[in-house]
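Chemist: attaching a predicted model along with its sequence, questions to come.
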Amino acid sequence: MLRAYFARNGIECSFYGRTPERPNVVARLRGGDGPSLCLLSHTDTVLADPREWERDPWSGEVVAGEVWGRGALDMKGQVAASAVALASLRREGVELAGDLVFCSVADEEVGGVGDDVGYGLRWLVEAHPEAARCDYALNEGGGERLVIGGRPFYLCATAEKRSSPFRLRVRGRSGHASMPGIADNALVKAARYVTTLGELRPEPRLIPEARAFLEALLGRAPEPAEALALARSHDPLAAAALEPLLAFTLAPTMIEASHKHNVIPGLCEVTVDCRLLPEQEPGDVEPLIRAALGHGDYELEWEEGVGGTRSPLATPLWDALAAFTAGIEEGATLVPFACPGFTDSHYLREAFGTVAYGFFPIKEMDTRLAIELVHSANERIAIADLELGVDMLRAAALALLGR
């Protein structure tokens with residue numbers, strides 16, 4: 001569908017796929033020798049159970065000014081807006097100082113794991129770097145609207161945390177479940193460790209993105225220990241956005257022990273989702289985790305981490321987005337923050353040193369509702385926000401590449 005749309009607008013696009021069934025779509029408006037800007041997105045989505053939805057999750061039905069369907073917010077809406085921005089500039093015959101690239105990849109929600117590079121951007125930057133290389137990029141990961149003291153602030157993700165899961169292995173001694181006294185139940189032993197990990201709150205610190213976030217919202221950067229409470233006193237949503245930026249986080253998410261109800265497990269494995277601050281490494285936090293767990297018969301094994309990169313703020317792309325945001329509504333201000341999750345921006349930063357930001361402003365839909373709908377039932381996006389996104393992408397392209 002994307003290829004046909006681009007063809008109708010006189011734009012050639014190419015498919016790059018590890019397999020023919022899952023291609024990545026790349027289209028390009030060629031310009032001069034100036035910097036290049038990539039409009040990055042992904043076409044894959046998470047699953048959707050129709051039984052949980054009020055409407056068919058794959059319909060794209062338009063109801064009361066909103067487009068319903070899985071991926072409307074994450075992130076087929078931005079795919080569509082990026083395609084329209086590119087095509088509209090082509091129709092207008094705009095001359096560009098550098099290339100404007102549309103790149104929508106097929107595998108962001110799962111992505112590469114371990115030695116498997118997956119089918120999306122991680123594979124593309126390795127197999128076809130010429131297709132993905134760019135100086136600047138606009139991607140998902142930001143655009144939330146907060147109102148503090150009557151002033152609207154729009155968040156722009158300039159960095160992201162590092163996903164660094166690990167396994168906690170607790171050992172005991174197996175035995176028949178009818179005689180628990182003769183065994184040493186590894187699952188029971190693991191229970192206190194799971195509780196400790198779930199309750200651990202590392203000492204807060206202000207990374208550059210958190211400091212800039214607070215300075216914009218509050219007019220100053222408070223001491224780290226009081227930052228969260230102060231943000232919460234102004235707006236609970238601001239506190240929710242700030243909290244994961246103050247320290248690494250731990251969330252036990254999976255557990256495996258005995259596979260038989262009548263066998264006491266001699267081994268229990270707990271998978272913990274750990275998110276490190278940008279540029280933090282597992283070695284920086286493991287001593288803190290072990291100190292919290294204390295001595296015991298357990299092992300920690302880190303899995304391969306990904307993410308944790310950041311882009312500078314003093315760039316022409318930031319200036320372009322800040323100028324556009326100021327025009328969205330009276331008093332609107334662009335605010336940097338670090339995305340607590342993972343996005344494909346990491347692969348561009350890592351491979352090419354790309355300045356990559358996550359920004360797609362959502363004004364019409366309430367921010368809390370938009371956050372709740374991502375990966376959930378009844379996902380939808382306001383048509384007005386799609387149009388605002390097109391305007392933003394066009395403005396950024398013209399500011400960076402216009403002659």
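Modeler: Done, it's in.
Chemist: so what's residue 24 bridging to?
Modeler: residue 16 (DSSP bridges).
Chemist: then residue 173?
Modeler: residue 184.
Chemist: thought it was touching residue 184?
Modeler: Yes. Residue 173 lies in contact with residue 184 (C-beta atoms under 8 Å); the separation is 4.0 Å. Yep, even glycine has a C-beta here, placed from its N, CA and C like the rest.
Chemist: can you work out which residues contact both of the two?
Modeler: residue 266 (C-beta atoms under 8 Å, 6 or more residues apart in numbering).
Chemist: compare these two (neighbour count), which wins?
Modeler: residue 184 (17 against 13; other C-beta atoms under 10 Å).
Chemist: tell me the contacts of that one?
Modeler: So residue 184 contacts 172, 173, 175, 266 (C-beta under 8 Å, 6+ apart).
Chemist: so which of those residues comes closest to residue 118?
Modeler: Nearest to residue 118, judged by C-beta to C-beta, of those is residue 266 at 35.1 Å.
Chemist: how many residues are close by that closest one?
Modeler: 18.
Chemist: now swap in residue 361 and tell me
Modeler: Residue 361 has 24 nearby residues by other C-beta under 10 Å.
Chemist: and it, how far from residue 124?
Modeler: 27 Å (C-beta to C-beta, to the nearest Å).
Chemist: again, but for residue 188
Modeler: Distance from residue 188 to residue 124, by C-beta to C-beta: 47 Å.
Chemist: of those two, who's got more company?
Modeler: Taking other C-beta under 10 Å, residue 188 and residue 124 do not tie; residue 124 has more neighbours (26 against 16).
Chemist: can I assume that one is in contact with residue 105?
Modeler: Yes. Counting by C-beta under 8 Å, residue 124 touches residue 105, with 6.4 Å between them.
Chemist: name the nearest residue to residue 100, sequence neighbours excluded.
Modeler: residue 29 (4.4 Å; C-beta to C-beta, 6 or more residues apart in numbering).
Chemist: pLDDT score assigned to the one you found?
Modeler: Residue 29 carries a pLDDT value of 97.
Chemist: can you give me the distance of it to residue 391?
Modeler: 18 Å.
Chemist: specify which residue of those two has the higher count of neighbours.
Modeler: residue 29 (21 against 16).
Chemist: all strands for the stretch 101-250 of the chain, in order.
Modeler: Ranges of strands in the stretch 101-250 of the chain, per DSSP state E, counting those that start in this stretch, are 136-139, 145-148, 151-160, 162-163, 166-171, 175-176, 249-256.
Chemist: just checking: what are the partner strands of the first one?
Modeler: The reference is to strand 136-139. strand 37-42 (parallel), strand 355-358 (parallel).
Chemist: and the first one, what's its mean pLDDT?
Modeler: Across strand 37-42, pLDDT averages out at 98.
Chemist: now do stretch 68-78
Modeler: 98.
Chemist: ditto for stretch 128-147
Modeler: 97.
Chemist: could you do stretch 265-283 as well?
Modeler: Per-residue scores along stretch 265-283 average to 96.
Chemist: what does stretch 165-183 give?
Modeler: Mean pLDDT, stretch 165-183: 95.
Chemist: give me the residues contacting that stretch.
Modeler: 184-190, 193, 197, 252, 258, 261-274, 282, 296-303, 305.
Chemist: now it: how far from the chain's centre is it?
Modeler: Here stretch 165-183 is found 37 Å from its chain centre; the criterion is C-alpha atoms, centre = their mean, to the nearest Å.
Chemist: all good on my end, thank you.
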